[in-house]
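1. how would this look folded up:
(2 chains)
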Number of protein chains: 2
Amino acid sequence: MTYRVRFLPDDLTIEVPAGTSLMEAARRLGIELKSSCGGQGTCGRCAVFLRRGEPEILQGNPPRRLSEQGGVLACRVRVTCDLLVEVPEWARVVEHQVVVDAHPGRLLERDIDWVERFGRDPVCRRQELRLPAPTLTDNASDATRLSRALAQQVGKEPVHIPIDVLRGLPERLRSAQWCVDVTWSAADGPARVVDLRPPGEWRTLYGVAVDLGTTSVVVQLVDLESGALVGERGTYNRQFKYGDDVISRIIHCAEHPGGVEELRTAVVETANHLIRQLLREASAAPEQVVAAAVAGNTTMEHLFLGIDPRYIRLEPYIPAVTRFPYLEGRDVGLEINPHAAVIIIPAVASYVGGDVVAGALIAGLAECEEVTLFIDVGTNGEMVLGNRDWLVACACSAGPCFEGGGITHGMRAVPGAIQSIRIDPETFVSQVVTVGGAPPRGICGSGLVECLSELHRVGLINRAGEFQDVPSAMLRSGEAGPEFVLVPREAAGVDEDIVITEADVKNLIRAKGAIFAGIRSLLKAVDLSPSDISRIWIAGGFGTYLNLQGAVRIGMLPDVDRSRYGFLGNSSVKGARTALLSRRAREAMWQLAERMTYLELSVGPGFMEEFVSALFIPHTNLDLFPSVTADGNRGGESNCLGTCP
Amino acid sequence: MTYRVRFLPDDLTIEVPAGTSLMEAARRLGIELKSSCGGQGTCGRCAVFLRRGEPEILQGNPPRRLSEQGGVLACRVRVTCDLLVEVPEWARVVEHQVVVDAHPGRLLERDIDWVERFGRDPVCRRQELRLPAPTLTDNASDATRLSRALAQQVGKEPVHIPIDVLRGLPERLRSAQWCVDVTWSAADGPARVVDLRPPGEWRTLYGVAVDLGTTSVVVQLVDLESGALVGERGTYNRQFKYGDDVISRIIHCAEHPGGVEELRTAVVETANHLIRQLLREASAAPEQVVAAAVAGNTTMEHLFLGIDPRYIRLEPYIPAVTRFPYLEGRDVGLEINPHAAVIIIPAVASYVGGDVVAGALIAGLAECEEVTLFIDVGTNGEMVLGNRDWLVACACSAGPCFEGGGITHGMRAVPGAIQSIRIDPETFVSQVVTVGGAPPRGICGSGLVECLSELHRVGLINRAGEFQDVPSAMLRSGEAGPEFVLVPREAAGVDEDIVITEADVKNLIRAKGAIFAGIRSLLKAVDLSPSDISRIWIAGGFGTYLNLQGAVRIGMLPDVDRSRYGFLGNSSVKGARTALLSRRAREAMWQLAERMTYLELSVGPGFMEEFVSALFIPHTNLDLFPSVTADGNRGGESNCLGTCP
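-> As a prediction, this is how the structure comes out:
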C-alpha cells in the first residue's frame, strides 16, 4: 500500500509505502528538514503544516506556539493516507550560500596560489597512447602492451592495472582500435591505471575536493588538467540528525549497532548529493571524476571511511588512524570513477584533523620563517603555532556557541542570522546586520562575538559577564534571569523577541576563554609571547564574518597589531584542492602532519589555569590587552560593520 | 510451491520450488551429474531413473538404450511433484582420486624439495606484537602504533593496513589488550596487514595452492609456517557443463552475455568446494587461509578472474593479461581470508599459461645447465625446452583424445577406465588393467597410447593406422568402418562391447603427431636434435599412468635413452605450493615467464610439415626412432604394466 505526499511550496510529490515517516518522505525528495533529536519528537525543529489529509501522528512535543497554528512534527507523522504538506522556511535545512569570491573591503583574505607555489602535478593525468596492433609475432598480452607504452611515455614503472580495468581491457582496446586515452595516477608510488577511453571521449578530467565539516560539507569540482575551479557547492552534513557535534555522533556510534555505518552513509550521501549537482552543472559523467581529496576533522575522516571513532572521545583520546592508506572511489562509496584516486588528508591526533593540516598548508606553515598562528574556530578551537622549523598544535573545546548552539537565539550563519550588531550607548537600542539582509531570526557566531563586545562596551555587562542595572526597557528579567532584547518581535523574522540572556553571556565567555587559553598554552609550550607572533590566520566561515576588533576586545584573540591578522576562508577545502593539483603540496601536508607536536591540553594543570584567567572580559590580566584597556569605553571603530556583504 | 526430491542411493532429500530442473536439484545437494551439452538434452550423459513421481519432462534425446530402461535426462525433467530418483554411477561426475604419494616402481617421479632449494620465505607471516598501551603523552593512533611496532619487528616499511582492517582495528587491539598476532604479507612490495588476532587464537596459518585444470581442479592446503602439506583434494571443474575444452568455453563466453561471469563462478565454486572440504578436515576457519597461489592455463586464469578470454582463440591469439596484479581473497571470491594475498602464477602467452610456468620451475628450468624438455599433455600439448640460459616454449593442439574425448569409448582416468592394455599377437585377445580395478567402461589417455602401440605391434594396423586383414573375430566391420573389440560386452562394466575404430586410430595418430611435431619445432628453433636433450620431464595425470615405451613406439615422444625421462606429477599445483612458501621461487617463476620465448606454431609452414611427417607410426623418417626400428615386432617390454596401482 502506498500513498502520495505533495510538498508545498516546492510542489514536489512522492509516493511512499504506508507507515513511512513524513520526514523520510521529504528527505527522499531532497527536502531536508531540521532535526537535532534524531526523530524522537523532542527538539521541535521539523514542524510542518498539514494542509490536506489526516495521517497517524505519534506522540511528540511540538512547540506550543506551533501546535496552536496547526504545526505537526514531521518526524512523528506516519503517512497513512494521501497528504498535502506545507514546509515553512524555518523547518528547512537551508543550503549554504558558499561564497567563492574574496570579500572586497574585508581584512585581506589570503589567496596565494599554492598550486603555482608548489608546482602543478595533479593526482591523475591523461595520456593518449597509440599502441601497435598485435600480430602473430608481436603477441604480448593487452596488459603488457598497455603497460609498456604507458611506462615509456610517463617514465614510471611498474604500471598497476586494477582487476576491474583488466576485465574490460580487451574490449576497450579493440573498440578504440588500439588508440586510447589512459588516465593514470601515481598517488601511491607505482603508476596505476584509473580509466581507459577512446581519445577525446572526455573533454575534461575532473577532481573533487571535499571538506567534511561537522556542520556542513563543501565540495569543489576542479579541472585537473588546467587547475581551474569549475564549481563549488555546500550543504548541511546529513549526519545532523544523529547529533549536532562530533561527540554526540560518536556516542550514537557507540550506542547503536550499525551506527557507524549510518553515519558513514549520511556523510557520503551528503558529498554525493553535492557531486551530483556539480556534475549536472558541468554536464559531466561521474566516471570523469578520477580523483578526490578529502579533509575533515579526525572524527569526520573516520566516519567518512566507516571507521569506529569511539575511542576518540575516551581518555587517552586515541584515533584509529591518522595516516590513511591509498583508496579508490569504490572503497569510499563516492559516486565518482570507481578507480579514482582518493586521498584523505592526514590527521595529527584525535582533535587535530586533516582539515587543520590542510589549513596549516594554506596558512603557509610548511614554508614560512616567521612565527605564525593558525586558528580554526568551530565547536572546537583548533590551532597550530610555528614555522617551517617547528610546529605545535592543540584543540580546545569551545562548545557549540560559535555554531549557534547552546544560546537562546543562537543559529547558524544562514539568511536571517544576525552577523553584526551595534548597541547605542545612550539608548541601548541595537542596530543589526543579518546574513542575506533577511529579517533577523537569531544570532550566529560572528554576531555573538560582537554582541558580547558591545554589551561590555556600553556597560550592560561587567567584566565577569553579569548584567548591570542600566535604565533601559530592553533589559528585563526573563524566565532564566536577566536578558537583553536585541530585536523586538515586531522587527524580527520570528514570532518573538530576540534576546540574549546572562546564561548566554556566561556561555560565550567560557567559549572565548577556551580559545584564548588554547593560544596561551601553545605560546607557553614554546616559551613565546603574543608579540612574537608575526601572522595570525583565521580559518573557516566564522573567520569570514568575524569582527576582529570585537574578538580582541572580548579577549578571545591576542591583542597584537591588527595588520598581523588575516582570514583564510575555507582553508580545509582549499588545502584539499591543492592536494589534488600538486604532488609537492600533498607531500608537504604529509610532512606537516608528521611534524606537528600535539599538545594534549588535558595533561597537567596549565590549560585549566589559563582558562580560569580568561573568564573575564577581556582577561584577568589586563596587561595582555593593552589596546583594549587604552580603548576604554570610547567605542572603538568596528572595522567590519560598514562593509559586511 | 515446493516439492521434495529424494535421490538414491545417496538417500539425500531436498525441497525445491516447482519447475526446478532435476539436474539443479541434484547439484544443490552436491550430486554432480555429467553434462557436456549444457542442459540442452543432447549429450545424453545425465540420464537418471525415476522411481516414483511423474514430473514434467521436456523434449530431449536420451540414448535409446537408456530410455528403453526408463532412463530420463535430468536436465530435461522439471520438478512438478515429489520425486524419488536413482542416480546411476555412470551419470555421476566422479570425484578425482588424487594421488598424493609417488608411485613406487614407476619411472622416478621427480620430487625435489624446491622450497628447501630456494629457501623458505612464505607469502604471509605471523608476528606476535606487544604494543605499549596508549597514554595521554603516548597518543599515536592505533594504526601508527601497529605499523611502527610491525616495521620494527620485520624491518619493512611502509606498512599498509587495508581499510577493512582499519575499520575493525580499535576493537581488535583493545579486546586483545594490545597484544596481537599480526599476519602480514610482503608479496607486493610494502608489508600489508592481512589479519589481526589475539595471540595464539590460530594454531596454524594456512595457504592454499590451486591448480585450475580445464578438466579438474586440485587444491592443496599448506601449513604456511612449517611448509607441511596438510591435505589435498581434487574434483571436476564445474565449468564442465559449458563445454569440455577451453575453446568451447571461450565460445560460450563470446556468445552468451554474462557467460564470463558464469564460468568464473563455476570455477571459483569448484575451488571453494574443495577448500571447504579441506578446512573441514583440518578443523580450520576460512579466515585462517591467508594466502593463495593459483596456476592454470591462460584461459583458466582469465576465467578465474572474470576476464574475457575471447581474443585468446582469435588470431593473433592475444591474452588480456599474462602478469597479474596483486589481489586479495575478496577480489577473487575465494572463501578464504578476505585480505589473503592471492598470487596468480604468470602466463607467457595465450596457450602457455601459469601451469606451464609452474611446471617449468618444478622441472628445474630456472637453474639447470643441461638442456631440458618439459611436456604437459592434455587437450593441448604444452612444452618448454631450454636451461637456465635460454628457454623456448610452444603449444600444439592435440585435440581431446588424451582426455578421452572424440574417441568412441574414450573416457577420463576415473575408476573403470582402461589405463593399460596388452594384445596377444597370436589370438588378438586383449588383457586390460583399469583404474581402480573396476570392470572396464572405456579407455583413458594412457590406455589409448598403449592401445595404439599394441595394435601396431601385433600387426592389426599398419604404419598409417589402417586396419589390416587379420584372422580374428575381434576385428569386425562396424557402422563407421573397421573396428577392433578390446573388451566384449560380457566382460565390460557397460552394456556393450568396448571397441576402437579406425577413425579412433586416425584421431590418435593426429594427436600423437601434433605432440611430436611440437617437440621437433622447438628443437629446430634452437637448432638441436633429440639427442641433445638431457632430461625430459612429463607433467600431469597423463604422465603418471603413461606407458613410456608405448609412447615412444607410436612416435609421440622422442626415441632417446629412457633413463632421461621422468614424471613430475601435478607440477602445476606443486609450483603453486612452492610459490606460497618461497619468495625466491616466486621470483624465479616471474623470471621464467619473462624469459620464455614463445614460438607461435601457426606462423610459417614449419610446424605443419613436421605434423604431416609425424602422421605415421612411429614417423615418416624411421631414422628418428632407431630403437623402435631395432625393436621390430619383438614385443618390447612394457615398463609399466606390472606395477600400475
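
2. In a strand, residue A:290, correct?
-> Yes. Assessed with DSSP: H, G, I helix; E, B strand; the rest coil, residue A:290 lies in a strand.

3. Residue A:395 pairs with what?
-> For residue A:395, the beta-bridge partners under DSSP bridges are residue A:382.

4. Touching, it and residue A:377? I think so.
-> No. Using Cβ atoms under 8 Å, residue A:395 makes no contact with residue A:377, being 11.0 Å away. Where C-beta positions appear, they are placed from N, C-alpha and C, glycine not excepted.

5. Between the two, which has more neighbouring residues?
-> residue A:377 (29 against 26; other Cβ atoms under 10 Å in any protein chain shown).

6. What are the buried residues along stretch A:587-597?
-> A:588, A:589, A:591, A:592, A:593, A:595, A:596, A:597 (16 or more other Cβ atoms under 10 Å in any protein chain shown).

7. Give the rounded mean pLDDT of that stretch.
-> Averaging pLDDT along stretch A:587-597 gives 96.

8. burial of the nearest residue to residue A:372 once chain neighbours are set aside, as a residue count?
-> The shortest distance from residue A:372 to any non-neighbouring residue, by Cβ to Cβ, 6 or more residues apart in numbering or on different chains, is to residue A:535 (4.5 Å). Residues contacting residue A:535 under the criterion other Cβ under 10 Å number 20.

9. can you put the buried residues of stretch A:587-597 in TSV and add distance to residue A:45?
-> TSV is the format used below for the buried residues of stretch A:587-597 (distance: Cβ to Cβ, whole Å):
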residue	distance to residue A:45
A:588	42
A:589	37
A:591	43
A:592	39
A:593	37
A:595	43
A:596	38
A:597	41
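
10. So which elements touch the host helix or strand of residue A:542?
-> Taking DSSP states H and E as the criterion, residue A:542 maps to helix A:540-545. Under the contact criterion of 3 or more Cβ pairs under 8 Å, 6 or more residues apart in numbering or on different chains; DSSP states H and E, helix A:540-545 touches strand A:372-377, helix A:445-457, strand A:565-569.

11. Pipe those into a markdown table and attach mean pLDDT per row.
-> Converted to a markdown table, the helices and strands packed on helix A:540-545 look like this (pLDDT from 0 to 100):
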| stretch | mean pLDDT |
| --- | --- |
| strand A:372-377 | 94 |
| helix A:445-457 | 95 |
| strand A:565-569 | 90 |
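
12. deepest of those, which one?
-> Among these, helix A:445-457 has the highest mean neighbour count (mean count of other Cβ atoms under 10 Å in any protein chain shown), at a mean of 28.

13. ok, and the closest non-adjacent residue to the residue nearest the centre of chain A?
-> For chain A, residue A:213 is the residue whose C-alpha lies nearest the centre (Cα atoms, centre = their mean; 2.8 Å). Nearest residue to residue A:213, sequence neighbours excluded (Cβ to Cβ, 6+ apart): residue A:237, at 6.4 Å.

14. need the contact list for the one you found.
-> By Cβ atoms under 8 Å, 6 or more residues apart in numbering or on different chains, the residues touching residue A:237 are A:212, A:213, A:214, A:215, A:216, A:217, A:266, A:267, A:270.

15. quick one on the thing from earlier: now list whatever residues contact both of residue A:395 and residue A:377.
-> Here residue A:395 and residue A:377 share no contacting residue, scored by Cβ under 8 Å, 6+ apart.

16. secondary structure element for residue A:184?
-> For residue A:184, the host element (DSSP H and E) is strand A:179-185.

17. and the helix or strand following that strand with strand A:179-185, angle?
-> Counting by DSSP H and E, the next helix or strand C-terminal to strand A:179-185 is strand A:191-197. Orientation of strand A:191-197 against strand A:179-185 (axes from the mean of the first three to the mean of the last three Cα atoms, to 10 degrees) gives an angle of 140 degrees.

18. Wondering if strand A:191-197 reaches chain B at all.
-> No. Strand A:191-197 does not reach chain B (Cβ under 8 Å from any Cβ of the partner chain); its nearest approach is 9.5 Å.

19. what does that strand contact?
-> Against strand A:191-197 from outside (Cβ under 8 Å, 6+ apart): A:124, A:146, A:150-151, A:154, A:156-162, A:165, A:168-169, A:172-173, A:176, A:180-186, A:287, A:290, A:337, A:339-341.

20. Restricted to strands, list the residues you listed.
-> Taking DSSP state E as the definition of strands, the contacts of strand A:191-197 contribute A:124, A:159, A:160, A:180, A:181, A:182, A:183, A:184, A:185, A:290, A:341.

21. mind listing what the closest residue to the second one other than its chain neighbours touches?
-> It refers to residue A:159. Distances taken as Cβ to Cβ, 6+ apart place residue A:147 nearest to residue A:159, at 4.0 Å, with adjacent residues excluded. Each residue near residue A:147 by Cβ under 8 Å, 6+ apart is listed here: A:157, A:158, A:159, A:161.

22. My read is that residue A:480 contacts residue A:506, right?
-> No. The pair residue A:480 and residue A:506 fails to qualify as a contact (Cβ under 8 Å) at a distance of 11.0 Å.

23. Compare neighbour counts for these two and give me the winner.
-> Shown here are residue A:480 and residue A:506; by other Cβ under 10 Å, residue A:506 has more neighbours (16 against 11).

24. Which elements pack onto the one helix or strand the more buried one maps to?
-> In this assignment (DSSP H and E), residue A:506 forms part of helix A:502-525. Using 3+ Cβ pairs under 8 Å, 6+ apart, the elements in contact with helix A:502-525 are strand A:372-377, strand A:380-386, strand A:391-397, helix A:445-457, strand A:481-487, helix A:606-613.

25. What about whichever residue of the stretch 101-250 of chain A sits closest to chain B, how many residues nearby?
-> The stretch 101-250 of chain A approaches chain B most closely through residue A:143 (3.9 Å), counting by Cβ to the nearest Cβ. Counted with other Cβ under 10 Å, residues neighbouring residue A:143 total 24.

26. Identify the residues contacting it.
-> By Cβ under 8 Å, 6+ apart, the neighbours of residue A:143 are A:161, A:166, A:169, B:320, B:321, B:322, B:323.
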